[in-house]
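> Give the three-dimensional model of this entry:
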Amino acid sequence: MRTEVPLIEKNIVLVGFMGVGKTSIGQALAKKMYRDFIDIDAEIEAKLNMSIPTIFEKHGEAFFRQHEKEAVFSACNEKLKIISLGGGAFTQEAIRQRCLANCIVIHLDLSFESWKDRVHMLIDNRPILQGKTMPELKQLYTVRRKAYENYHSRFSTDAFNVDEAAEYLKESLHLAYEIEG
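Reported below is the predicted structural model:
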């Protein structure tokens, strides 16, 4: 009896630096693939009934990371989902190992130059960015990028809009399913 989840039923986990488009692309990809979408940060906010910045302010990063781990583990136990992880989630070894073992992990990549153009849209809702200089942000980008080096597939979003990226990922996944099938 086969106990391993077939490739076509595995969850697809999107990882990458904050602001790369994991949520937007994930939502579009979920629609195209007729799957449910899970945004881990939104799950945590709903469970704790407060925003991520408020969670960080009132309870600290360690508290948030524990809830993040629980939410990711729970999502990984499901099937046929598109899951968007927060930018720091994949830096946790336990999360990284669980996702790599049970899901298809896609690293959505973005150059630092392109990311800098988006930072003004991110700063208010990302506690980890608050009060940082551009060199400090580059350091954070570089450190986190090392965690994202473990993946099943990598896709650079620099030259794509949300719909184009989702369509490309859908086609790539369907091809992989056909080859595996």
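
> Name the single longest strand found in this structure.
If you go by DSSP state E, the chain has its longest strand at strand 104-109.

> Could you name the helices and strands sitting against the helix or strand that that strand is followed by?
Scanning forward in sequence from strand 104-109 by DSSP states H and E, the next helix or strand is helix 112-116. Helices and strands touching helix 112-116, by 3 or more C-beta pairs under 8 Å, 6 or more residues apart in numbering; DSSP states H and E, are helix 134-147. C-beta coordinates here come from the backbone N, C-alpha and C atoms, glycine included.

> CA atoms only for the helix it packs on, dumped as CSV, please.
Only the C-alpha atoms of helix 134-147 are listed here, as CSV (Å, rounded to 0.1, in the frame of the first residue of the first chain):
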residue,chain,number,x,y,z
MET,A,134,19.5,50.2,3.7
PRO,A,135,22.7,48.4,4.4
GLU,A,136,21.0,46.6,7.3
LEU,A,137,18.1,45.7,5.0
LYS,A,138,20.6,44.3,2.5
GLN,A,139,22.2,42.2,5.3
LEU,A,140,18.8,40.8,6.3
TYR,A,141,18.0,40.0,2.6
THR,A,142,21.4,38.2,2.3
VAL,A,143,21.0,36.2,5.5
ARG,A,144,17.4,35.2,4.7
ARG,A,145,18.3,34.3,1.2
LYS,A,146,20.6,31.6,2.5
ALA,A,147,17.6,29.9,4.1
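
> Please report how far residue 119 lies from residue 129.
For residue 119, the distance to residue 129 (C-beta to C-beta, to the nearest Å) stands at 7 Å.
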